[in-house]
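Participant: Quick one, fold the following:
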Amino acid sequence: MGVRNILEFLSQFYLVALPVLHNIKTVRLLDPGNSNNIVSDSLDDFQKDSISDTMKWLLESIDRNDNAIETYFPANTEYPCDDAKRSAYIVSAAAKPDKLNNEDFG
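Facilitator: Coordinates of the predicted model:
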């Protein structure tokens, strides 16, 4: 993976990882197809702590060495990314929510 691709992936990864790290213990996540199903209740406090701690460890490891991202998320050589379709998956910083809330999840 080239430097540009690593940096692009890291920025997208952080958009997902940081909200998980900071909100997994407190967010109330509803199933968009069934508002009576509170998905976040399927994890107990120990599991939420474990996810948060693992995410923190992962982010710290990547901060120490950007190339570590390739260890945790190796490229799928069987299905390489088609550059013509790459823009369909790009999320801009403008689309990032300030914080998670119930409306974000249905």
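
Participant: and the residue of the chain most remote from its centre, helix, strand or coil?
Facilitator: Largest separation from the mean C-alpha position in the chain: N36, at 24.9 Å (C-alpha atoms, centre = their mean). For N36, the assignment made with DSSP: H, G, I helix; E, B strand; the rest coil gives strand.

Participant: Report the contact partners of it.
Facilitator: Residues near N36 by C-beta atoms under 8 Å, 6 or more residues apart in numbering: none. C-beta: built from backbone N, CA, C; applies to glycine.

Participant: and the gap between it and L30?
Facilitator: Going from N36 to L30 by C-beta to C-beta, to the nearest Å gives 9 Å.

Participant: Ok, N76 next?
Facilitator: Distance, N76 to L30, by C-beta to C-beta: 31 Å.

Participant: who has more neighbours, these two?
Facilitator: A direct count of neighbours by other C-beta atoms under 10 Å for N76 and L30 places L30 higher, at 18 against 8.

Participant: The more buried one is in contact with N37, isn't it?
Facilitator: Yes - at 7.1 Å, L30 counts as touching N37 under the criterion of C-beta atoms under 8 Å.

Participant: just the strands in this structure please.
Facilitator: Taking DSSP state E as the test, the strands found in the chain are 30-31, 34-38.

Participant: Sheet partners, orientation included, of the shortest one?
Facilitator: In its sheet, strand 30-31 lies beside strand 34-38 (antiparallel), with partners assigned from DSSP bridges.

Participant: Off-centre distance for the partner strand?
Facilitator: 22 Å (C-alpha atoms, centre = their mean, to the nearest Å).

Participant: what's the distance between the residue positioned nearest the centre of the chain and G33?
Facilitator: Closest to where the C-alpha atoms of the chain average out (C-alpha atoms, centre = their mean) is V16, at 2.7 Å. Here V16 is placed at a distance of 21 Å from G33 (C-beta to C-beta).

Participant: Alright, calling it a day.
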